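**Student:** Dropping a prediction and its sequence here:
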Amino acid sequence: VVLVCFVEEIESSVSELWRIQLPLSDRFLRPCMLALLPFLCLASLMTSLAPLACFTPASVASHSCSFCPAVPASEDGFPPRPAAASPRVWLKSNLWNGCIDSAAGLGAWSAVGLPVVNFAFERRRRTRSVGRKRESVAALTGDSMVLVPYSPSSTNNNKPRRIALFVEPSPFAYVSGYKNRFLNFIKYLREMGDEVMVVTTHKGAPDEFCGAKVIASWSFPCPWYTLVPLSLALSPRIIWETAKFKPDIIHASSPGVMVVGALIIAKLLSVPLVLSYHTHVPLYIPKYTFSWLVKPMWLIIKFLHRAADLTLVTSNVVGRELQAAGAAAAYKIRLWRKGVDSQSFNPSFRSHEMRARLSGGEVDRPLIIHVGRLGAEKNPYFLTKVLKKIPEARLAFIGDGPIRQELEKMFEGLPVVFTGMLQGEELSQAYASGDIFVTPSESETLGFVILEAMASGVPIVAARAGGVPDIISPSQEGETGFLYTPGDIDDCVGKIVSLISSSELRQKIGAAGRAEVEKHDWQAATRHVRNDEYNAAIWFWQRRKRQLSRWFMWLLGQNPVKLPCKANWDSDVTTRHCSLLA
């Protein structure tokens with residue numbers, strides 16, 4: 001059964017992705033079944049010889065053989081061995097029994113098994129074409145787009161759902177790019193009437209958030225990045241709480257350790273699983289540990305996302321990388337739309353006191369700000385070269401991280417201020433009080449700090465890498481912000497100088513950037529994931545279940561199961577693009 005399922009999965013995947021029909025069942029499965037016969041005979045023989053394992057020197061000395069009756073010891077204490085317990089006798093009798101068993105099994109297989117397999121293969125061949133026509137799936141073939149049949153009657157967007165979120169590290173305590181995304185996501189899911197349960201790392205986790213139940217899981221620090229807590233979230237307590245919650249869908253952040261627990265729980269409870277990819281770990285590994293770990297990390301990512309029913313990415317660039325690496329099929333990679341709280345990040349928060357704090361009291365000098373985690377993956381070393389070429393400017397680092405002390409030594413003697421972690425209104429004031437926002441990071445999956453700076457009306461200068469071009473598209477460069485070639489110091493400095501020299505250009509680009517991000521709000525992004533992407537994940541999960549049922553129906557020699565939600569497609573059909581550009 002396992003072999004049949006494996007081969008059928010290969011055939012189905014190849015057919016969906018490349019529209020190629022592979023006759024693996026006929027050319028591969030049948031010969032493999034025949035080749036298994038000698039191994040089955042050998043296994044039967046070895047099980048017949050298994051009682052010989054009791055004959056060891058210790059068992060003979062104590063005469064503790066479970067197959068022989070106990071014999072009292074002689075006067076000298078040496079236990080006589082009965083003739084019936086001789087290994088030679090046992091070997092002869094069991095070898096004969098094993099040969100009889102093997103011959104009987106081979107005869108039964110030839111008389112019954114082979115005709116049944118042949119009949120099943122012939123029946124499968126006749127019904128395969130019909131089954132292929134029923135299975136309409138989305139795929140990207142080259143540059144052409146295939147549409148996904150989608151029945152709105154099969155799902156009810158207004159029906160409240162039970163959603164279990166597995167988030168690592170905690171969005172309530174750990175400051176990162178996806179903190180605001182998940183907090184707003186939970187908030188608006190509750191406003192839409194859904195029941196939400198959040199499983200996250202224990203440090204700083206509240207009992208509830210916006211009416212959503214929060215379950216804390218014991219965590220441990222990441223060995224190579226101790227500020228990041230990790231947790232498997234697979235204790236009996238969490239499994240019981242999740243089962244009692246009866247989720248309609250499980251959504252986990254990836255990559256990490258907790259995603260493994262979420263995957264296991266989803267399979268145990270038979271619930272659709274959605275993974276959202278937030279941190280491009282393969283780019284971080286060479287900066288913190290050994291480069292040879294990149295390939296094993298990709299293998300782990302591919303295993304996790306292939307097992308999921310849907311993958312959400314924060315930018316098209318990351319989605320295409322996952323697709324190219326084989327982490328998921330194109331039609332199972334969807335875009336989680338960006339959003340920003342344009343009320344919390346607003347030019348009205350500009351503060352003279354905050355500007356004096358960030359500039360070291362020199363409020364009249366041009367002020368460059370950098371907001372984010374101070375880690376090697378963010379490439380803050382690049383700003384030393386920038387600052388040395390623009391001596392009239394001041395630089396403020398807003399945030400904390402593992403390399404802060406190293407950066408303080410590196411920037412010693414330069415006009416730089418390190419504020420540490422800022423939150424709430426102080427963070428909004430810091431954004432709005434700067435003249436230019438610069439980020440040299442080349443590993444951003446999206447870059448929420450860029451969205452927040454644009455919402456604050458501050459012009460952007462960022463590296464043209466990662467998910468940043470999804471925020472400032474090539475057609476908008478020079479209008480809503482500036483992008484420079486990664487590593488090109490002259491390109492970066494030239495664009496910063498042009499902004500420093502013209503206050504009108506700063507105001508123009510800052511206003512255009514804010515107008516652009518005002519189009520994206522968290523409520524619309526949450527509604528899109530809930531109504532569209534979750535429905536797609538449920539549909540893919542149901543389709544996978546139908547495939548499994550078809551395998552077993554095929555083994556039983558019955559017709560494949562008809563797809564339940566496709567009876568009315570001819571009369572009520574809607575199609576959706578399954579592209580990252582949708």
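**Tutor:** Right, received. Where do you want to start?

**Student:** for this structure, which spans come out with low pLDDT?
**Tutor:** Of all residues in the chain, those with pLDDT under 70 make up the ranges 1-38, 40-41, 44-95, 97-98, 102, 105-158, 549-582.

**Student:** go again using 80 as the cut-off
**Tutor:** 1-158, 175-177, 224-226, 546-582 (pLDDT under 80).

**Student:** Name the residues linked to Arg334 by a beta bridge.
**Tutor:** Leu312 (DSSP bridges).

**Student:** distance of Ile472 from Lys246?
**Tutor:** 43 Å (C-beta to C-beta, to the nearest Å). C-beta coordinates here come from the backbone N, C-alpha and C atoms, glycine included.

**Student:** And those two? Which one has more around it.
**Tutor:** Set side by side, Ile472 and Lys246 show more neighbours around Ile472, with 23 against 12, by other C-beta atoms under 10 Å.

**Student:** and the closest residue in space to the more buried one that isn't next to it in sequence, how many neighbours does it have?
**Tutor:** Nearest non-adjacent residue to Ile472, counting by C-beta to C-beta, 6 or more residues apart in numbering: Gly481, 4.3 Å away. Using other C-beta under 10 Å, Gly481 has 26 other residues around it.

**Student:** Check Glu392 too.
**Tutor:** For Glu392, the count of nearby residues is 9 (other C-beta under 10 Å).

**Student:** what about stretch 195-207, start to end distance?
**Tutor:** For stretch 195-207, the separation between the terminal residues is 15 Å (C-alpha to C-alpha, to the nearest Å).

**Student:** Flag every buried residue along it.
**Tutor:** By 16 or more other C-beta atoms under 10 Å, the buried positions in stretch 195-207 come out as 195-201, 203, 205.

**Student:** Check stretch 410-428 too.
**Tutor:** Within stretch 410-428, the residues that count as buried by 16+ other C-beta under 10 Å are 411, 415-419, 422, 426-428.

**Student:** one step back: can you tell me which residues contact the residue nearest to Ile472?
**Tutor:** Counting by C-beta atoms under 8 Å, 6 or more residues apart in numbering, Gly481 touches 450, 454, 459-462, 471-472, 509, 513.

**Student:** In stretch 324-344, which residues are buried?
**Tutor:** Within stretch 324-344, the residues that count as buried by 16+ other C-beta under 10 Å are 327-342, 344.

**Student:** Let me have the contacts of Gly481 in JSON lines, adding secondary structure as columns.
**Tutor:** Below are the contacts of Gly481 laid out as JSON lines (DSSP: H, G, I helix; E, B strand; the rest coil):
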{"residue": "Ile450", "secondary structure": "helix"}
{"residue": "Met454", "secondary structure": "helix"}
{"residue": "Pro459", "secondary structure": "coil"}
{"residue": "Ile460", "secondary structure": "strand"}
{"residue": "Val461", "secondary structure": "strand"}
{"residue": "Ala462", "secondary structure": "strand"}
{"residue": "Ile471", "secondary structure": "coil"}
{"residue": "Ile472", "secondary structure": "coil"}
{"residue": "Ile509", "secondary structure": "helix"}
{"residue": "Gly513", "secondary structure": "helix"}
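
**Student:** Buried only: go through those for me.
**Tutor:** 450, 454, 459-462, 471-472, 509, 513.

**Student:** So what sits opposite Val371 in the bridge?
**Tutor:** Ile398.

**Student:** go on, Ile163?
**Tutor:** Beta-bridge pairing of Ile163 under DSSP bridges involves Val196, Ile249.

**Student:** that older thread, and the buried residues of stretch 195-207, which is closest to Phe290?
**Tutor:** Nearest to Phe290 among the buried residues of stretch 195-207, counting by C-beta to C-beta, is Thr201 at 25.5 Å.

**Student:** before we move on, the earlier item: would you turn the buried residues of stretch 195-207 into a markdown table with distance to Leu269?
**Tutor:** Shown next, in a markdown table, are these (distance: C-beta to C-beta, whole Å):
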| residue | distance to Leu269 |
| --- | --- |
| Glu195 | 16 |
| Val196 | 17 |
| Met197 | 13 |
| Val198 | 17 |
| Val199 | 13 |
| Thr200 | 19 |
| Thr201 | 22 |
| Lys203 | 27 |
| Ala205 | 22 |
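
**Student:** What segments of the stretch 101-250 of the chain are helices?
**Tutor:** Taking DSSP state H, counting those that start in this stretch as the criterion, the stretch 101-250 of the chain carries its helices at 114-134, 179-191, 236-245.

**Student:** Leaving out sequence neighbours, find the closest residue to Leu183.
**Tutor:** In space, and not counting its chain neighbours, Leu183 is closest to Pro171: 5.6 Å by C-beta to C-beta, 6+ apart.

**Student:** wait, that neighbour sits on Lys203?
**Tutor:** No - when contacts are counted by C-beta atoms under 8 Å, Pro171 is not listed as touching Lys203 (12.0 Å).

**Student:** from the buried residues of stretch 195-207, which two are the most distant?
**Tutor:** The distance between the two most remote of the buried residues of stretch 195-207 (C-beta to C-beta) is 25.0 Å, for Glu195 and Lys203.

**Student:** State the helix or strand in which Gln267 lies.
**Tutor:** Quick fix: residue 267 reads Lys, not Gln. Using DSSP states H and E, Lys267 maps to helix 258-269.

**Student:** Moving C-terminal from that helix, which element do we reach first?
**Tutor:** Toward the C-terminal end, the helix or strand that comes next after helix 258-269 (DSSP H and E) is strand 273-277.

**Student:** Now the helix or strand that that following strand is followed by: buried residues?
**Tutor:** Sequence order places helix 281-288 as the next helix or strand after strand 273-277, per DSSP H and E. Going by neighbour count (16+ other C-beta under 10 Å), the buried part of helix 281-288 is 281-285, 287-288.

**Student:** Put together CSV for those residues, with distance to Ile368 on each row.
**Tutor:** Formatted as CSV, those follow (distance: C-beta to C-beta, whole Å):
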residue, distance to Ile368
Val281, 29
Pro282, 30
Leu283, 25
Tyr284, 25
Ile285, 30
Lys287, 23
Tyr288, 27
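
**Student:** from the residues you listed, which is closest to Tyr534?
**Tutor:** Val281 (25.1 Å).

**Student:** How many residues are close by the residue nearest to the closest one when sequence neighbours are not counted?
**Tutor:** Using C-beta to C-beta, 6+ apart and skipping residues adjacent in sequence, the residue nearest Val281 is Pro255, 5.2 Å away. By other C-beta under 10 Å, the residues close to Pro255 number 21.

**Student:** OK, contacts around Pro255?
**Tutor:** 277, 279, 281, 297, 300-301, 304 are the contacts of Pro255 under C-beta under 8 Å, 6+ apart.

**Student:** got a winner among those for most neighbours?
**Tutor:** Among those, the one with the most neighbours (other C-beta under 10 Å) is Tyr277, at 27 neighbours.

**Student:** Tell me where the stretch 251-400 of the chain has strands.
**Tutor:** Using DSSP state E, counting those that start in this stretch, the strands of the stretch 251-400 of the chain run over 273-277, 310-313, 333-335, 367-371, 394-398.

**Student:** Which secondary structure elements does the shortest one sit against?
**Tutor:** Looking back up the chat, that one is strand 333-335. Strand 333-335 sits against strand 310-313, helix 316-325, with contacts defined as 3 or more C-beta pairs under 8 Å, 6 or more residues apart in numbering; DSSP states H and E.
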